[in-house]
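In: Okay, structure incoming, though there's no sequence with it:
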């Protein structure tokens with residue numbers, strides 16, 4: 001039988017699994033840390049006891065006593081018992097303060113234990129060769145170790161530390177302190193039980209919080225569904241579930257958006273129409289542009305020939321007019337050819353600022369002739385890839401449009417700067433702005449507000465931007481218009 005599990009249930013299960021795994025891992029790591037801390041604390045206690053025992057021994061007297069005893073012609077065990085009579089009380093005083101720890105003193109010269117506690121037995125004053133403890137004579141530092149067969153605790157496993165007895169730079173013996181491993185394990189077991197108990201309580205609280213959160217969200221979603229269906233008021237839902245406020249506002253926004261959807265579709269259709277018209281005109285330009293230009297060139301040549309003949313001198317004015325009109329038609333065809341989709345571009349690496357500087361005298365001369373001015377404000381920008389001739393044409397078209405848009409004396413400002421991963425070129429005029437009905441058709445061929453305009457200038461700009469992978473946006477108002485061209489620095493065409 002097919003069993004369907006909802007998204008919320010799946011999420012609850014996944015979060016429960018994650019919480020379980022995280023709780024187990026956290027408990028394990030915390031327990032490891034606590035166990036290490038307990039062992040370290042036990043080691044510090046052993047260090048304190050063994051070092052205290054070492055300080056309680058008069059080292060110089062210790063050396064003298066050992067030498068004196070060692071010089072006698074008696075057995076090693078008898079020598080150890082003589083030294084034990086002197087040292088055992090010192091050891092037992094400290095053992096009384098630390099009854100749960102074993103203590104001992106070892107003489108390197110005699111190679112025997114000469115004091116041991118807390119349970120003293122003279123039979124334990126023996127020669128012990130533990131490599132772990134004897135390391136102290138090489139390192140001259142305290143040495144930690146674990147023994148499975150202890151001397152002082154009747155062969156039980158212990159944690160042990162050997163502490164060097166140093167006299168005149170030489171290790172002459174060592175003290176030690178030890179703790180039964182089983183006592184440490186009991187403490188560890190108590191610690192583990194406490195940690196596991198706390199972890200289980202926290203885990204249960206986490207599961208309860210997760211369940212409570214999902215239960216509340218489940219109720220909230222049911223209320224939200226009722227709101228979407230119109231059976232619940234927005235303010236009431238916000239008051240009961242403030243967490244859903246963002247979603248409620250988004251739904252309200254979507255409802256408002258539906259009311260303007262028709263206008264947005266119209267804008268999209270207009271953009272599609274503009275692109276289709278550009279493509280159609282581009283295809284037409286590629287097909288007939290050159291064929292029209294060739295006979296025009298022939299006619300212009302003949303007119304120039306007639307212009308030089310004396311018998312046509314009286315028609316010089318008419319011939320000049322025809323040549324000017326042919327030149328104007330030729331310029332229109334040149335713009336027309338720029339709309340071709342398959343026009344070859346010569347992409348090279350260069351700097352946009354250098355193109356603007358080179359073009360500035362021509363732009364300024366054109367502006368002064370019209371009674372205006374051109375200002376350039378160029379930031380430091382990186383080199384990029386572009387077709388210099390096409391970028392020149394784009395800038396010329398935009399600046400001339402700006403100059404023609406200003407009825408009174410004004411300034412056209414050219415700016416370059418970078419923004420995130422974009423190289424920005426902007427052309428700003430101080431005209432009266434673009435009318436709304438014209439904005440809707442901006443960039444379409446043959447759309448113009450000029451009496452003698454062809455309506456191809458902006459179309460050419462859009463086509464150049466398209467060939468360079470750039471985007472054109474327009475800001476317009478009563479104070480003027482700004483064309484913003486964004487070139488992507490990370491994906492310039494090759």
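Out: Alright, I've got the coordinates. What you are looking at is a predicted structure, and each value in this text was computed from that prediction instead of being measured.

In: Where does the residue lying closest to residue 125 once chain neighbours are set aside sit, in terms of helix or strand?
Out: The shortest distance from residue 125 to any residue other than its chain neighbours is 4.2 Å, reached at residue 80 (Cβ to Cβ, 6 or more residues apart in numbering). No exception for glycine: its C-beta is placed from N, CA and C like everyone else's. Using DSSP states H and E, residue 80 maps to helix 76-97.

In: Which of the residues in that helix are classified as buried?
Out: By neighbour count with 16 or more other Cβ atoms under 10 Å, helix 76-97 contains the buried residues 79-84, 86-88, 90-92, 94-95.

In: Could you point out which of those residues is nearest to residue 391?
Out: Among the buried residues of helix 76-97, residue 94 lies closest to residue 391 (Cβ to Cβ), at 92.3 Å.

In: what sits against the closest one?
Out: If you count contacts by Cβ atoms under 8 Å, 6 or more residues apart in numbering, residue 94 has them with 49, 52-53, 56, 103.

In: Buried ones among those?
Out: Here, 16+ other Cβ under 10 Å leaves 49, 52-53, 103 buried among the contacts of residue 94.

In: ok, which pair from those is furthest apart?
Out: Greatest spatial distance among the buried ones among the contacts of residue 94 (Cβ to Cβ): 52 and 103, at 9.6 Å.

In: what's the average pLDDT for stretch 201-214?
Out: For stretch 201-214, mean pLDDT rounds to 80.

In: if we look at it, which residues are touching it?
Out: With Cβ under 8 Å, 6+ apart as the criterion, stretch 201-214 contacts 8, 11-12, 15-16, 19-20, 23.

In: neighbour-wise, which of those leads?
Out: Greatest neighbour count in the contacts of stretch 201-214, by other Cβ atoms under 10 Å, goes to residue 12: 19 neighbours.

In: Excluding sequence neighbours, find me the nearest residue to that residue.
Out: Take residue 12 and drop its neighbours on the chain: the residue closest to it by Cβ to Cβ, 6+ apart is residue 214, 5.2 Å away.

In: got the contact list for the residue positioned nearest the centre of the chain?
Out: Residue closest to the average C-alpha location in the chain (Cα atoms, centre = their mean): residue 420, at 15.8 Å. Residues near residue 420 by Cβ under 8 Å, 6+ apart: none.

In: quick one, domains of this protein?
Out: The chain breaks down into these domains under automatic domain parsing: 1-228, 264-338, 348-488.

In: so of these, which one's packed in deepest?
Out: For the domains of the chain, ranked by mean neighbour count under the definition mean count of other Cβ atoms under 10 Å, the leader is domain 348-488 at a mean of 17.

In: State the next helix or strand along the chain beyond whatever helix or strand residue 52 lives in.
Out: Applying DSSP H and E as the criterion places residue 52 in helix 7-55. From helix 7-55 onward toward the C-terminus, using DSSP H and E, the following helix or strand is helix 59-70.

In: Excluding its own residues, what touches that next one? List them.
Out: Helix 59-70 is contacted by residues 79, 82-83, 86-87, 107, 109-110, 165-167, 172-173 when judged by Cβ under 8 Å, 6+ apart.

In: Verify the stated contact: the residue nearest to residue 125 with residue 113.
Out: Yes: contact criterion Cβ atoms under 8 Å: residue 80 and residue 113 qualify, at 7.1 Å.

In: Next, show the common contact partners of these two.
Out: Common neighbours of residue 80 and residue 113 (Cβ under 8 Å, 6+ apart) are residue 125.

In: mind listing the helices for the stretch 301-450 of the chain?
Out: Under the criterion DSSP state H, counting those that start in this stretch, helices of the stretch 301-450 of the chain are mapped to 316-338, 352-369, 388-405, 436-439.

In: re earlier: show me which of the contacts of residue 94 is closest to residue 433.
Out: Of the contacts of residue 94, the one sitting nearest to residue 433 (Cβ to Cβ) turns out to be residue 49, at 91.7 Å.

In: residues touching the closest one, list them.
Out: So residue 49 contacts 94, 98, 101, 103, 177 (Cβ under 8 Å, 6+ apart).

In: a markdown table please, covering those and showing pLDDT and distance to residue 68.
Out: Converted to a markdown table, the contacts of residue 49 look like this (pLDDT from 0 to 100; distance: Cβ to Cβ, whole Å):
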| residue | pLDDT | distance to residue 68 |
| --- | --- | --- |
| 94 | 92 | 24 |
| 98 | 89 | 30 |
| 101 | 88 | 30 |
| 103 | 91 | 24 |
| 177 | 90 | 27 |
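
In: which of those residues lies closest to residue 370?
Out: residue 177 (101.5 Å).

In: what's the spacing between residue 357 and residue 188?
Out: Separation of residue 357 from residue 188 (Cβ to Cβ, to the nearest Å): 80 Å.

In: Quick check, pLDDT for residue 376.
Out: pLDDT, residue 376: 92.

In: Please disregard the earlier target; I meant residue 238.
Out: pLDDT at residue 238 comes out at 59.

In: What are the neighbouring residues in contact with residue 181?
Out: For residue 181, the contacting residues are 146, 156-159, by Cβ under 8 Å, 6+ apart.

In: Direction-wise, compare the helix holding residue 80 with helix 7-55 and give the angle.
Out: Here the directions of helix 76-97 and helix 7-55 differ by 130 degrees (axes from the mean of the first three to the mean of the last three Cα atoms, to 10 degrees).
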